[in-house]
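A.B. asks: Just a sequence and a predicted model for now, questions to come.
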Amino acid sequence: MTNIVLFGKPGAGKGTQAAFLKDKYNLVHISTGDLFRYNISNATKLGKLAQSYIDRGDLVPDEVTIQMLQEEVEKNPEAEGFLFDGFPRTIAQAEALDAFLEGKGMSIRATVALEADDEVLVKRIVERGKVSGRADDQDETKIRNRFVEYNEKTAPLMDYYKKQGKYHSVDGIGTIEEITKRLSDTIDTIKG
């Protein structure tokens with residue numbers, strides 16, 4: 001089973017690349033953003049719980065996020081593997097994911113980080129914002145703040161996975177096809 005965590009700063013192309021990778025390797029793509037939207041819009045038990053925290057202006061606790069993720073994994077017993085996008089974001093989440101997968105006789109095979117220069121990403125996100133209309137994609141200060149938050153939270157995670165020999169960095173600059181090829185080459189060596 002090939003379970004992969006996909007990292008990358010906002011604008012690095014995780015969503016675009018995840019779409020290719022899930023098809024190529026027959027993986028179930030689990031995006032925490034999609035999970036939250038699904039659970040909240042469908043008013044599931046976990047969605048209502050998450051919404052209660054959001055309504056109070058609090059962060060949704062890891063336990064709720066992990067439960068959503070566990071449900072999604074359990075909905076796909078025939079999966080050949082999972083592509084985790086947007087999770088884990090902290091060491092505590094990584095440890096919880098490892099413990100959950102271990103209980104299922106699975107593990108994270110590798111983490112792959114799409115690396116890209118901040119200036120390139122700012123331009124990408126601003127262009128995306130013109131199309132998406134997302135306010136947070138049109139304000140350079142907010143974009144740079146998201147990078148700072150990503151660096152602060154993700155740097156320890158990179159070390160966590162490096163210690164396990166599971167961390168792989170991939171150049172995220174170039175055409176979509178070039179980046180897909182780099183990612184595929186990396187995953188092929190991991191699977192091999």
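C.D. replies: Ah, there it is. Numbers count the residues shown, from 1 in each chain.
A.B. asks: For the longest helix along the chain, enumerate the helices and strands it packs against.
C.D. replies: Assignment by DSSP state H gives helix 140-163 as the longest helix of the chain. Helix 140-163 is packed against strand 4-8, helix 91-103, strand 110-115, helix 118-132, with contacts defined by 3 or more C-beta pairs under 8 Å, 6 or more residues apart in numbering; DSSP states H and E. Heads up, the C-betas are built off the backbone N, CA and C, glycines and all.
A.B. asks: gap between the residue of the chain most remote from its centre and Ile143?
C.D. replies: In the chain, counting by C-alpha atoms, centre = their mean, Arg56 sits farthest out from the average C-alpha position, at 25.1 Å. Remark: distance between Arg56 and Ile143 (C-beta to C-beta, to the nearest Å) = 27 Å.
A.B. asks: The helices and strands packed on helix 140-163: which one's closest to Asp185?
C.D. replies: Proximity to Asp185, assessed across the helices and strands packed on helix 140-163 by C-beta to C-beta, is greatest for strand 110-115 (10.8 Å).
A.B. asks: Show the secondary-structure elements that that closest one is packed against.
C.D. replies: Using 3+ C-beta pairs under 8 Å, 6+ apart, the elements in contact with strand 110-115 are strand 4-8, helix 140-163, strand 167-171, helix 176-191.
A.B. asks: out of these, deepest packed?
C.D. replies: Of all these, strand 4-8 has the most neighbours on average by mean count of other C-beta atoms under 10 Å, namely a mean of 24.
A.B. asks: OK, contacts around the residue farthest from the centre of the chain?
C.D. replies: Not one residue lies near Arg56 by C-beta atoms under 8 Å, 6 or more residues apart in numbering.
A.B. asks: for the one 5 residues further on, same thing?
C.D. replies: Contacts of Pro61 were listed using C-beta under 8 Å, 6+ apart, and they are Tyr53.
A.B. asks: Over to it: give its phi and psi.
C.D. replies: Torsion angles at Pro61 (phi, psi; degrees, to the nearest 10) stand at phi -60, psi 150.
A.B. asks: and it, how far is that from Glu115?
C.D. replies: As judged by C-beta to C-beta, Pro61 and Glu115 stand 30 Å apart.
A.B. asks: which other residues reach the longest helix of the chain?
C.D. replies: Helix 140-163 is contacted by residues 5, 7, 9-11, 88-91, 94, 108, 111, 113, 118, 121-122, 125-126, 136-137, 167 when judged by C-beta under 8 Å, 6+ apart.
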